[in-house]
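>>> could you work out the structure for the sequence below:
(one chain, ligands or ions: 1)
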Amino acid sequence: MTAVLLDGEALAARVRAEVADRVARLRSGGVTVGLGTLLVGDDGPSAKYVAMKHADCEEVGIDSVHEHLVATASQEEIEAVVARFNADPRIHSFLVQLPLPDGIDEERVLMSVEPDKDVDGLHPVNLGRLVMGSAGPLPCTPAGIVELLHAYDVPVEGSHVVVVGRGLTIGRPLALLLAMKRPGCNAAVTVVHTGVREMARLVRLGDVVVAAAGHAGLVTKSMVKPGAAVVGAGTSWQGRKLLSDVEEDVAEVAGWITPRIGGVGPMTRAVLLKNAVRAAERSR
Ligand code: GUN
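Have a look, this model is predicted:
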């Protein structure tokens with residue numbers, strides 16, 4: 001079987017074009033969409049991700065403001081930047097790039113973000129809105145994955161999706177989103193992780209498998225049901241090499257598969273832009 005490539009780069013380009021139209025409409029009404037980012041420390045990949053988010057903003061006409069604190073910044077210094085972003089009317093939404101350095105209470109920082117300015121959709125109020133099925137910004141990677149599956153007509157409704165990984169940014173909110181009673185979701189969802197004894201057997205039951213554990217090569221060819229859609233959302237680094245949670249030869253059995261680069265990452269950033277423009281539209 002030759003898997004269809006789930007090209008997140010191409011779809012994200014289309015989303016950026018739609019966002020650019022909405023940004024231009026706001027600008028003609030006198031509103032310049034503003035996005036803030038806060039990076040703490042000098043983690044290479046985090047700095048790169050934030051730089052890419054700013055490049056996307058520039059492309060679609062969003063004004064982005066970046067704050068960078070040193071790795072030794074205190075909890076109070078971090079929260080002071082958050083408070084400043086919360087109070088600044090030019091910044092409609094913002095994000096604090098995760099992970100924060102050891103010793104920082106990440107949950108306290110996330111809690112201090114004004115929920116309606118939470119572009120990541122990771123504030124407990126917004127995660128609560130997701131649980132309740134009410135409107136709010138959706139977490140970027142889960143929403144990006146669902147959009148990518150829909151764009152390629154991967155059957156999700158009524159299907160069995162196995163999510164490998166239970167992290168805050170992907171696994172947990174994705175499982176909630178996919179199980180929701182809403183068009184394009186309505187799936188049976190199983191969440192597994194590296195502590196599950198029968199992980200391989202459970203993954204093989206998936207019509208759709210989303211690997212989001214951050215554990216290189218965790219999903220292998222023998223674990224995938226022939227014809228299943230496989231999304232590699234988890235990554236890890238070996239030196240400067242970006243590794244996927246999905247082994248390359250899974251493409252030999254899958255019906256659809258994300259490329260190692262240009263699958264989920266661009267869609268995460270595209271949803272971030274959608275959340276940013278939506279925050280500005282709502283603030284009018
Ligand atoms: N670090 C890894 N993924 C994310 C994300 O989606 N948002 C933020 N703020 N940091 C991250």
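
>>> and the residue of the chain found nearest the ligand, how many neighbours does it have?
The minimum distance from the chain to the ligand, using C-beta to the nearest ligand atom, falls at L98 (3.6 Å). Backbone N, C-alpha and C define where each C-beta goes, glycine included. Using other C-beta atoms under 10 Å, L98 is surrounded by 16 other residues.

>>> checking it next. Helix, strand or coil?
Three-state assignment for L98 (DSSP: H, G, I helix; E, B strand; the rest coil): coil.

>>> what are the phi and psi values at it?
Dihedral pair for L98: phi -100, psi 150, per degrees, to the nearest 10.

>>> now it: how far from P137?
Separation of L98 from P137 (C-beta to C-beta, to the nearest Å) stands at 16 Å.

>>> show me where the stretch 151-284 of the chain has its helices.
Under the criterion DSSP state H, counting those that start in this stretch, the stretch 151-284 of the chain contains helices at 171-179, 199-203, 264-283.

>>> and the first one, what does it pack against?
It refers to helix 171-179. helix 124-132, helix 140-151, strand 160-164, strand 188-192 (3 or more C-beta pairs under 8 Å, 6 or more residues apart in numbering; DSSP states H and E).

>>> again, but for the shortest one
Using 3+ C-beta pairs under 8 Å, 6+ apart as the contact criterion, the neighbours of helix 199-203 among helices and strands are strand 160-164, strand 188-192.

>>> hmm, 10 Å instead?
Contact here means 3 or more C-beta pairs under 10 Å, 6 or more residues apart in numbering; DSSP states H and E; on that basis helix 199-203 packs against strand 160-164, strand 188-192, strand 208-211.

>>> before we move on, what about the last one?
Identification of packing neighbours for helix 264-283 by 3+ C-beta pairs under 10 Å, 6+ apart yields helix 8-28, strand 34-40, helix 44-60, strand 93-96, helix 140-151, strand 229-232.

>>> what is the longest one packed up against?
Put plainly, it is helix 8-28. Right, helix 8-28 is packed against helix 44-60, helix 140-151, helix 264-283 by 3+ C-beta pairs under 10 Å, 6+ apart.

>>> figure out how far it is from the centre of its chain.
17 Å (C-alpha atoms, centre = their mean, to the nearest Å).

>>> mind listing what's buried in stretch 162-172?
Buried positions in stretch 162-172, judged by neighbour count with 16 or more other C-beta atoms under 10 Å: V162, V163, V164, G165, R166, G167, T169, I170, G171, R172.

>>> nearest spatial neighbour of the fifth one, chain-adjacent residues omitted?
Sequence neighbours aside, H193 is the residue nearest to R166 in space, at 5.1 Å (criterion: C-beta to C-beta, 6 or more residues apart in numbering).

>>> that neighbour: neighbour count?
16.

>>> so for it, what's the pLDDT?
On pLDDT, H193 comes in at 96.

>>> list the residues that contact it.
V163, V164, G165, R166, G167, G171, M199, A212, A213, H215, L218 (C-beta atoms under 10 Å, 6 or more residues apart in numbering).

>>> wait, L5 sits on G255?
No. The pair L5 and G255 fails to qualify as a contact (C-beta atoms under 10 Å) at a distance of 11.3 Å.

>>> now do the shared contacts for these two.
Y152.

>>> those two: which is more packed in?
Between L5 and G255, counted using other C-beta under 10 Å, G255 has the larger neighbour count: 20 against 15.

>>> give me the phi and psi for the closest residue to the more buried one other than its chain neighbours.
Once flanking residues are discounted, G255 sits nearest to G227: 4.1 Å by C-beta to C-beta, 6+ apart. G227 has phi and psi values of phi 90, psi -10 when expressed as degrees, to the nearest 10.
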